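[1] after the sequence you'll find the predicted model.
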Amino acid sequence: MNRALGVCYYPEHWPEDIWPEDARRMVAAGLQWVRIGEFAWSRLEPSPGKLCFDWLDRAIDVLGAAGLQVVLGTPTATPPRWMLKRHPDMLAMDAQGRPRGFGSRRHYCFSHAGYLAECKRIVSLLAERYGRNPHIAAWQTDNEYGCHETILSYSPAARGAFRDWLAQKYQSPEALNRAWGNVFWSMDYGSFNEIDLPHLTVTEPNPAHVMDFRRFSSDQVVAFNRAQVDILRRHSTAPIAHNYMGRITEFDHYKVGDDLDIASWDSYPIGFLSDRLEASAEHKAAFLRQGDPDFQAFHHDLYRTVGKGRWWVMEQQPGPVNWAPYNPAPLPGMVRLWTWEAFAHGAEAVCYFRWRQAPFAQEQMHAGLLRPDSAPAPGLAEAIQVAQELALAPQAGCAAGDVALVFDYESAWAWDTQPQGADFSYFRLVFAWYRALRRLGLNIDILPPDTADLSRWKLVLAPGLFTLSAQLRGALAGCAGQVLLGPRSNSKTPDFAIPTPLPPALPGLDARVMRVESLPPGANIPLEGGGNFVHWAEEMEGQAPVTLRRQDGLPAMMGGKISYLAGWPDDQTLTSILRDLCQAQGIATWDLPDALRKRDSGARRFWFNHGATPLVWEGQTIPPAGVMWQERA
Ligand code: GAL
């Protein structure tokens with residue numbers, strides 16, 4: 001598979017007479033892909049049934065004739081204003097029961113049957129018209145499911161669909177009452193029609209109720225996406241993608257991914273650092289213009305798995321964005337570094353968002369590759385540099401992971417529902433483990449929670465899985481390498497109750513969690529040999545060998561080939577625990593400085609300096625934002 005660059009373009013934003021020149025400049029810059037159309041519904045269908053596709057025909061012709069391959073987006077993230085007149089109840093509702101207003105985007109409810117029918121209609125029209133167009137080389141469904149907190153909707157449409165979903169799942173209200181434990185606080189239901197969405201209750205709703213609502217909401221996204229995919233496939237053989245996001249866990253991306261050919265995601269490293277990551281003020285200052293050194297890599301690894309090997313960056317930050325609390329400009333070199341980092345993780349394509357900065361509307365402060373006056377913005381030169389470098393080595397390659405780390409969406413919902421400590425977050429927990437592995441210079445494979453075969457990895461890590469699937473249980477038992485489970489593993493039944501025997505309840509591991517506690521910032525539980533548990537700690541009993549102890553004498557880690565870590569270690573301690581496990585398995589590790597990261601691709605070993613100062617490594621100086629690579633033997 002060749003690696004390629006591309007860009008997001010909005011022909012409907014610009015006079016038609018500049019399209020040919022834009023297309024010519026894209027090609028001259030070395031771009032091969034252009035994504036269009038994903039917000040254009042009001043211009044494709046200005047009033048119900050009045051179709052204006054001729055401009056899109058011409059745009060595709062112009063771009064294709066210039067030599068670009070087109071990704072055509074379905075415009076369903078932005079239903080036009082007239083849609084509301086037709087379907088006044090199509091709006092999603094927030095947890096306070098307020099409708100989400102018109103005037104930006106993503107205001108629809110996934111459960112509204114009328115809106116779903118409208119989506120199928122517009123997608124059919126597009127698929128019929130462009131399904132065999134030679135310039136349409138890929139599709140994108142909708143845009144960023146989950147952006148602006150839009151997965152959970154508390155609308156009447158969602159309530160009705162949730163009741164149906166529950167009736168399917170439980171068959172009788174008695175079965176539901178038993179599964180949820182509704183005897184508690186007299187919450188028993190006599191019929192499915194009595195069940196409301198879990199909001200506006202006096203105090204917290206039953207966690208089992210919330211968990212089912214989260215599962216239902218995720219299933220609605222899967223179904224919505226599948227409806228589009230089914231139509232597109234009837235008319236086109238081009239691969240279908242969706243553009244996922246950073247740290248969005250409200251729906252099961254693996255399940256959406258099962259229906260698609262390519263996973264893509266939208267990477268805004270500087271925006272994410274300030275607005276989506278727990279980190280110290282020093283860390284945020286050190287990486288102000290670079291973004292976090294591990295956050296993008298985590299998502300590259302995640303979406304490689306969601307896409308079953310085929311993944312892209314559909315939107316890459318090219319300069320300052322507009323939506324974070326503060327929006328610094330990237331350090332010179334970072335646009336190139338981010339792009340190469342994606343390719344080093346196996347991306348097929350990286351597309352910049354966007355071609356030209358829009359002078360109007362919400363994103364007028366968001367950079368593009370061109371300024372609003374069409375002169376080059378600073379990101380363009382870096383994109384051109386990558387295009388030239390790629391031309392010398394266009395083939396993609398992706399090395400196998402040294403270690404595997406399980407990531408599960410249901411666990412994110414479970415610990416959102418019952419965090420037990422105000423700052424407990426499943427993503428944060430898994431990301432802490434991921435970061436420790438990156439510090440050790442490892443290639444990481446992220447695995448779904450139903451992985452059935454772990455024979456490829458010498459080290460498999462799974463912190464915080466709220467329940468263990470039968471497949472994973474079998475795979476763990478058959479894994480020849482080392483397994484380390486982390487806190488809260490298998491600590492609930494699928495019905496959100498505490499299981500007995502007490503967790504983690506793994507065959508061959510005589511260890512039980514008797515009691516857990518959460519800790520506020522600054523509170524620690526010291527460990528023998530240095531370091532601390534922070535945020536979370538568990539008290540264990542059992543006969544399994546103790547491999548690490550707390551200073552109070554309680555076990556901190558127990559087991560053998562399958563081990564259990566009974567708390568959340570500080571970053572340094574976690575790194576040293578994982579380093580020891582790697583060494584015992586014969587996995588080579590590095591001790592990388594904060595700003596330096598390594599990634600092996602098929603043929604190359606890459607080193608990335610995410611820092612703002614030069615770094616000397618293995619006798620070579622890597623400049624700030626520098627990328628160094630060596631051919632691998
Ligand atoms: C993404 C979105 C784009 C644009 C971009 C700005 O989340 O898909 O349409 O809004 O952010 O950074």
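    Arrived safely.
[2] who in the stretch 301-450 of the chain is up against the ligand?
    Within the stretch 301-450 of the chain, the positions near the ligand by Cβ under 6 Å from any ligand atom are 315, 321, 323, 353, 363, 366. C-betas here are computed from N, CA, C, even on glycine.
[3] I'd assumed residue 318 was in contact with the fourth one.
    It stands for residue 353. Yes: counting by Cβ atoms under 8 Å, residue 353 touches residue 318, with 6.8 Å between them.
[4] which residues do these two both contact?
    Counting by Cβ atoms under 8 Å, 6 or more residues apart in numbering, the contacts common to residue 353 and residue 318 are residue 368.
[5] ok, and the closest non-adjacent residue to residue 70?
    Nearest residue to residue 70 in three dimensions, chain neighbours excluded: residue 135, at 4.9 Å (Cβ to Cβ, 6 or more residues apart in numbering).
[6] I'd say that neighbour and residue 59 touch.
    No: applying Cβ under 8 Å, one finds residue 135 not in contact with residue 59, separated by 9.9 Å.
[7] what's the average pLDDT for the longest helix along the chain?
    Counting by DSSP state H, the longest helix found in the chain is helix 207-235. What helix 207-235 shows for mean pLDDT is 98.
[8] for that helix, buried residues please.
    Neighbour counts over helix 207-235 (16 or more other Cβ atoms under 10 Å) mark 207-229, 231-233, 235 as buried.
[9] neighbour count winner among residue 135 and residue 59?
    residue 59 (24 against 19; other Cβ atoms under 10 Å).
[10] which residues sit against the helix or strand hosting the more buried one?
    Using DSSP states H and E, residue 59 sits in helix 54-65. Contact with helix 54-65 is made by 9, 11-12, 16, 19-20, 23, 26, 34, 36-37, 40, 43-44, 70, 72, 129-130, 133-136, as judged by Cβ under 8 Å, 6+ apart.
[11] quick one: contacts for the residue nearest to residue 66 when sequence neighbours are not counted?
    Once flanking residues are discounted, residue 66 sits nearest to residue 23: 3.6 Å by Cβ to Cβ, 6+ apart. The contact partners of residue 23, taken as Cβ under 8 Å, 6+ apart, are 34, 62-63, 65-66, 68.
[12] can you list the residues of this protein near the ligand?
    So the chain meets the ligand at 143-144, 147, 266, 268, 315, 321, 323, 353, 363, 366 (Cβ under 6 Å from any ligand atom).
[13] try 5 Å this time
    144, 266, 321 (Cβ under 5 Å from any ligand atom).
[14] before we move on, back to that, in TSV: the residues of the stretch 301-450 of the chain next to the ligand, plus secondary structure.
    Listed next are these as TSV, based on DSSP: H, G, I helix; E, B strand; the rest coil:
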residue	secondary structure
315	strand
321	coil
323	coil
353	coil
363	coil
366	coil
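[15] please render those residues as JSON lines that adds pLDDT to the earlier fields.
    Formatted as JSON lines, these follow (pLDDT from 0 to 100):
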{"residue": "315", "pLDDT": "99"}
{"residue": "321", "pLDDT": "98"}
{"residue": "323", "pLDDT": "97"}
{"residue": "353", "pLDDT": "98"}
{"residue": "363", "pLDDT": "98"}
{"residue": "366", "pLDDT": "98"}
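[16] next, format these as JSON lines and append neighbour count.
    Output for those, formatted as JSON lines (neighbours: other Cβ atoms under 10 Å):
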{"residue": "315", "neighbour count": "23"}
{"residue": "321", "neighbour count": "21"}
{"residue": "323", "neighbour count": "13"}
{"residue": "353", "neighbour count": "24"}
{"residue": "363", "neighbour count": "15"}
{"residue": "366", "neighbour count": "20"}
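[17] need the residues you listed in a markdown table (columns: distance to residue 331).
    What follows is these, written out as a markdown table (distance: Cβ to Cβ, whole Å):
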| residue | distance to residue 331 |
| --- | --- |
| 315 | 20 |
| 321 | 15 |
| 323 | 20 |
| 353 | 19 |
| 363 | 22 |
| 366 | 18 |
